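Undergrad: A structural model of the following input is requested.
(one chain, ligands or ions: 2)
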Amino acid sequence: MAKTALITGILGQDGPYLAKFLLSKGYKVYGMIRRYSNPNFGNLDFLGITDKVEYVDGDMSDESSLYNIVKALRPLEVYNLAAQSFVGRSWDLAKITTEVNALGVLYLLNAIKAYSPMTKFYQASTSEMFGLGNTKGYQDENTTFHPRSPYGISKVYAFWTTVNFRESYGLFTCNGILFNHESPIRGIQFVTRKITDGVAKIKYGLANKLHLGNLDAKRDWGFAGDFVEATHLMLQQKNPDDYVVGTGENHSVREFVELAFKYGGIPNWKKYVVIDPRFKRPAEVPELLAKGDKARKVLGWKPKVSFDELVRMMVEADLKRYKISSKFKIQSSK
Ligand code: NAP
Ligand code: G4F
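TA: Numbers count the residues shown, from 1 in each chain. Ligands and ions are numbered 1, 2, ... in the order given. Predicted coordinates:
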């Protein structure tokens with residue numbers, strides 16, 4: 001089979017990083033986008049690859065669109081990154097979260113089984129599935145799932161469906177159980193980007209407060225550009241399997257805030273941060289920490305970007321964005 005890959009969720013954070021990586025390896029990359037009156041290619045533009053990807057129309061909640069795409073392309077690899085991926089909204093959007101994140105995976109796997117059984121399939125599973133299944137202070141492939149949100153529950157369904165298609169039909173299907181990974185093109189609702197965007201706005205006088213929820217939550221934060229390499233490696237192994245991928249180091253939201261304000265050159269972050277109950281969750285995952293020994297040993301993968309470098313990279317990118325827009329504002333008001 002030719003080196004072709006289909007990426008669902010191409011317009012999100014991970015899609016562009018993965019597409020860029022696959023293009024660098026000589027793949028022909030197809031990106032699935034759903035119908036929008038005005039699709040946003042900003043993240044692909046940021047990485048300079050918008051014109052290098054071929055786009056196909058489809059929606060995870062529309063079974064026939066997935067069948068048609070798989071039938072037409074019969075790709076070597078499918079990376080299923082599409083999801084309603086924001087945990088915080090998943091209580092309000094439980095039905096659509098389940099439809100897209102859980103049933104969508106069933107539809108896509110059925111399409112592969114029917115039309116392209118040689119296709120290797122990657123499912124974007126998540127550390128959110130562990131939730132409170134955290135008895136040892138870290139999570140690995142043997143940790144019990146105890147999801148705490150409709151998002152986490154939907155991803156547990158998708159995880160087991162992916163395993164089941166491997167066990168029932170012999171398909172090459174893998175779960176990457178990825179811990180939090182961030183970048184300058186992280187969605188603005190997620191806490192890291194919300195903080196770095198807030199720092200930049202405060203720096204340029206566009207805001208004077210940053211409203212946040214639980215500062216005590218701890219996450220194992222890595223760089224998206226590193227993590228997509230692990231996802232590709234999973235599909236290059238002789239046998240399909242499931243892998244935990246994380247940095248092995250965690251930090252609290254408070255630590256992220258402190259560092260981001262430091263890199264923004266703003267002393268005394270406490271002056272600006274407001275604890276706002278609107279951003280607290282009905283059920284929290286207090287702490288996540290990856291024990292990713294299997295990925296390191298079998299895939300030979302390890303992260304390159306440190307926590308400190310990640311925070312600095314994100315703050316610098318947002319400062320640059322607001323510097324450009326504040327210059328533009330000054331020019332256009334002249
Ligand atoms: P993201 O930025 O939210 O991107 C998700 C993408 O899915 C978006 O492009 C979105 O399209 C698309 N999508 C949503 N509903 C869809 C539908 N009905 N049909 C087709 N596409 C749809 O997420 P990400 O951070 O790149 O994460 C990629 C995947 O990894 C997700 O499945 C996420 O759950 C999982 N994951 C992420 C992390 C992390 O820390 N980033 C960790 C573990 C697992 P629009 O652009 O049109 O909205
Ligand atoms: O940045 P978050 O919204 O990410 P969360 O919930 O960990 O989910 C992300 O990582 C998962 C992998 O573990 C992915 F599967 C998922 O798709 C997504 O990419 O929140 C991180 C932490 C939470 O504990 C949250 O309660 O930050 C806390 N937090 C505190 N204040 C906040 C805020 N989160 C958000 N989004 N906004 C706040 O104001």
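Undergrad: and stretch 250-257, which residues are buried?
TA: Using 16 or more other CB atoms under 10 Å as the test for burial, stretch 250-257 gives 250-254, 256-257. All C-beta atoms are positioned from the backbone trio N, CA, C, and that covers glycine.
Undergrad: Of all pairs in the residues you listed, which one is the farthest apart?
TA: Asn250 and Val257 (15.0 Å; CB to CB).
Undergrad: Gln189 should be in a strand, yeah?
TA: No - counting by DSSP: H, G, I helix; E, B strand; the rest coil, Gln189 is not part of a strand but coil.
Undergrad: Report how many residues lie close to the closest residue to it other than its chain neighbours.
TA: Nearest residue to Gln189, sequence neighbours excluded (CB to CB, 6 or more residues apart in numbering): Phe86, at 5.4 Å. Counted with other CB atoms under 10 Å, residues neighbouring Phe86 total 14.
Undergrad: Equivalent analysis for Gly300, please.
TA: Using other CB under 10 Å: Gly300 sits among 9 other residues.
Undergrad: From the chain's centroid, how far away is the helix or strand where Asp226 lies?
TA: Using DSSP states H and E, Asp226 sits in helix 224-234. Averaging C-alpha positions (CA atoms, centre = their mean, to the nearest Å) puts helix 224-234 11 Å from its chain's average.
Undergrad: Identify the residues contacting that helix?
TA: Under the criterion CB atoms under 8 Å, 6 or more residues apart in numbering, residues 13-14, 17-18, 21-22, 25, 79, 122, 124, 174, 176, 178, 181-183, 185-186, 240-241, 243, 245, 295, 299-301, 303-305 lie in contact with helix 224-234.
Undergrad: Which of the helices or strands spans the closest residue to Glu128 other than its chain neighbours?
TA: In this structure, Glu128 finds its nearest non-sequential neighbour in Gly152, 4.2 Å apart by CB to CB, 6+ apart. Counting by DSSP H and E, the element that carries Gly152 is helix 150-169.
Undergrad: quick one: strands adjacent to the helix or strand that that helix is followed by?
TA: Downstream of helix 150-169, the first helix or strand assigned by DSSP H and E is strand 172-178. According to DSSP bridges, strand 172-178 forms sheet pairs with strand 120-126 (parallel), strand 242-245 (parallel).
Undergrad: Can I get those strands in CSV including mean neighbour count, mean pLDDT and distance to Gly198?
TA: Formatted as CSV, the strands paired with strand 172-178 follow (neighbours: other CB atoms under 10 Å; pLDDT from 0 to 100; distance: least, CB to CB, whole Å):
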stretch, mean neighbour count, mean pLDDT, distance to Gly198
strand 120-126, 25, 99, 25
strand 242-245, 24, 98, 28
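Undergrad: Any chance of TSV for those strands, columns distance to Arg278?
TA: Formatted as TSV, these follow (distance: least, CB to CB, whole Å):
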stretch	distance to Arg278
strand 120-126	24
strand 242-245	31
